[in-house]
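Colleague: Predicted structure and sequence below. I'll ask about it afterward.
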Amino acid sequence: MIQHREFFSFLFFFFFSNKKKLFVQIFSFLFSNRLGRIINRFSKDQSTIDEVLPRTFQSYFRTLFSVIGILVAIAYSTYYFLIAIIPLGILYYYIQRYYLATSRELKRLDSVSRSPLYANFSETINGLVTIRAYKQVHRFIKINEQKLDLNQTVYYPNIASNRWFELPILSPF
């Protein structure tokens, strides 16, 4: 077992020996990525942690225990059901693999199309005085609406694929 003094000396050595590498990595990330992409990444992560993750866990456990209860009740009353559930489980697994690959790609496209929107919004806020001085407000509103429309055309198939996957699961027939 590591003693506290040894652990803290290890942390001290680790921090000071890798401090330069850490700062180089942080600054290379900040300089190689645009501000809109960084804001997009952090805001999406924060939204996921605050809003999506608790609902996902609650839904997952509720569905898991419901399915286990239903399977136990059906298997207790009808033994032949266990024979039919194995091929259905394999079929469901392959459909799920296809859906996850598609969903992952759609989420990536959504994220890529959202970055220019955040970058444009951030640049507009920073240059608001200049935009108003040159009376270009309508032009920047139109540019923002075009970027928002592009993002929504990518976001809609993502939502539609989620609803498509939920339909066979939630419908009784």
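Modeller: In hand now; what should we look at? Quick caveat: nothing in here was measured; it's all calculated off a predicted structure.

Colleague: and the gap between residue 125 and residue 118?
Modeller: Separation of residue 125 from residue 118 (C-beta to C-beta, to the nearest Å): 11 Å. Glycine gets a C-beta too; all of them are placed from N, C-alpha and C.

Colleague: Settle it for me: which of these two has more neighbours?
Modeller: residue 118 (21 against 9; other C-beta atoms under 10 Å).

Colleague: quick one: residue 155 and residue 112 touch, right?
Modeller: No - with contact defined as C-beta atoms under 8 Å, residue 155 and residue 112 do not form a contacting pair (11.6 Å).

Colleague: And the two? Which one has more around it.
Modeller: residue 155 (17 against 13).

Colleague: got the contact list for that one?
Modeller: Taking C-beta atoms under 8 Å, 6 or more residues apart in numbering, we find residue 155 in contact with 110, 113.

Colleague: ok, now residue 57?
Modeller: Here residue 57 is in contact with no residue (C-beta under 8 Å, 6+ apart).

Colleague: where are the low-confidence patches of this structure?
Modeller: 1-20, 22-24, 26-27, 30, 36, 41, 44, 165, 167-173 (pLDDT under 70).

Colleague: need the strands for it, in chain order.
Modeller: Remark: no strands are assigned in the chain by DSSP state E.

Colleague: Show me it divided up by domain.
Modeller: The chain resolves into domains spanning 1-30, 33-170 when parsed by automatic domain parsing.

Colleague: Buried deepest among those domains, which one?
Modeller: Of those, the one with the most neighbours on average (mean count of other C-beta atoms under 10 Å) is domain 33-170, at a mean of 12.

Colleague: residue boundaries of the helices in this structure?
Modeller: Ranges of helices in the chain, per DSSP state H, are 4-32, 35-47, 53-77, 81-126, 128-133, 137-170.

Colleague: now residue 85: how far from residue 135?
Modeller: 68 Å.

Colleague: just residue 73 next, same as before
Modeller: 70 Å.
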